[in-house]
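Need coordinates for the following:
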Amino acid sequence: MPSVTGRRSKPLRKEARMAWLMSSPALILLLLFMGIPILLTFALSFTNARLISPNPPSFIGLSNFVRAFTGDPTFLRSLTNTAFFALIVVPCQSGLALALAVLVNAKVKGVTAFRTMIFMPVVTSMVVVSILWSFFYEDDGLINSMLTTVTGGAWTAVAWLNNPGTAMPAIIALSIWQAVGLHMIIWLSGLQGIDPVLYEAADLDGANAWQRFRYVTWPGLHSTMVFILVTITIAALGLFVQVDVMTSGGPQDATSTLVYHAVRKGYREQDMGYGSAISLIFFVVVLLISLIQRWLTREKD
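Next up is the predicted model:
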């Protein structure tokens, strides 16, 4: 007589096979467009492979990595620019998005239209946004014209994207404006998931607005905060489109980033081995930062 476990295991195995069958298209795509490229990047990073070359690639060990840190000033500048961009964008964008989410969460008239306006840049192509803001940043563009009007003509036009001191801040302002709406929506979902009973209890205890936020709202947003910090950090470290469209890494490498430098070396200069090494370094940096963030923001007993 078959056991109960045996009778149950057959339907479970059938269900597992069906699950693998249904998920196989996504798994195949992940393998083709993520798994295999990652393995190729790892393999090429230890070679002198070039995109178009009559000579076959040869193994050169860690030479590409040594070159990055000791013989390529643009790589070090790109690493510094990437870190600077992330250090400014992550706190500013997450903080602004939280403030907007708290504002939107309030039951006031016109909040739906306001939320739509804030979210509109998110669904607009970053290429389109970058081109549009490039016009804003021109000498006779919207930014300079507005500042000239506000100061009564005392403002001197600034070439925002052609000045090493202002090019990266200009890209930072664009990036925060474009993506803040997405993270506002994520913060908003976290706010709406907090039990209203907790706020009622805080009101009964005589808590003011700041105390309600500190002891009720913020603890309730812990999981949302971890998710937002990790996603914003990964996106900030992967800065590429704005730089490629607006400045091409200039002026004087002031806006060059790790991803942009890897693409420039690997495809435009056809040095695939060195470009793969930079990509691998970028992967390790992102992984380490994400793990550190996750550890720092873990829930403590």
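
Pull the contacting residues for Phe65.
Contacts of Phe65 were listed using Cβ atoms under 8 Å, 6 or more residues apart in numbering, and they are Ser45, Ala277, Ile281. All C-beta atoms are positioned from the backbone trio N, CA, C, and that covers glycine.

for these, which one is nearest Arg294?
Ile281 (20.5 Å; Cβ to Cβ).

Roughly how far does the spatially most central residue of the chain sit from Tyr199?
Nearest to the mean C-alpha position of the chain, by Cα atoms, centre = their mean, lies Ala235 at 0.9 Å. Distance, Ala235 to Tyr199, by Cβ to Cβ, to the nearest Å: 32 Å.

circling back to that earlier point, now that we have the contacts of Phe65, which one has the most neighbours?
When neighbours are counted by other Cβ atoms under 10 Å, Ala277 leads the contacts of Phe65 with 29 neighbours.

next helix or strand past the longest helix seen in the chain?
Longest helix in the chain by number of residues (criterion: DSSP state H): helix 73-105. Next along the chain after helix 73-105, taking DSSP states H and E as the criterion, comes helix 111-119.

Would you confirm that Pro164 belongs to a strand?
No. Counting by DSSP: H, G, I helix; E, B strand; the rest coil, Pro164 is not found in a strand; it is coil.

Make sure it is actually in contact with Gly249.
No. Applying Cβ atoms under 8 Å as the test, Pro164 and Gly249 come out as separate, 11.5 Å apart.

The two: which is more packed in?
The residue with more neighbours, out of Pro164 and Gly249, is Gly249; 21 against 12, by other Cβ under 10 Å.

For that one, which three-state class applies?
Going by three-state DSSP: Gly249 is coil.

Go ahead and confirm it touches Tyr260.
Yes. Here Gly249 reaches Tyr260: they are 5.5 Å apart, a contact under Cβ under 8 Å.

Name the residues contacting each of those two.
Common contact partners of Gly249 and Tyr260 (Cβ under 8 Å, 6+ apart): Ser78, Val243.

quick revisit: include pLDDT and distance to Trp210 when you put the contacts of Phe65 into a markdown table, please.
Converted to a markdown table, those look like this (pLDDT from 0 to 100; distance: Cβ to Cβ, whole Å):
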| residue | pLDDT | distance to Trp210 |
| --- | --- | --- |
| Ser45 | 92 | 51 |
| Ala277 | 94 | 49 |
| Ile281 | 93 | 43 |
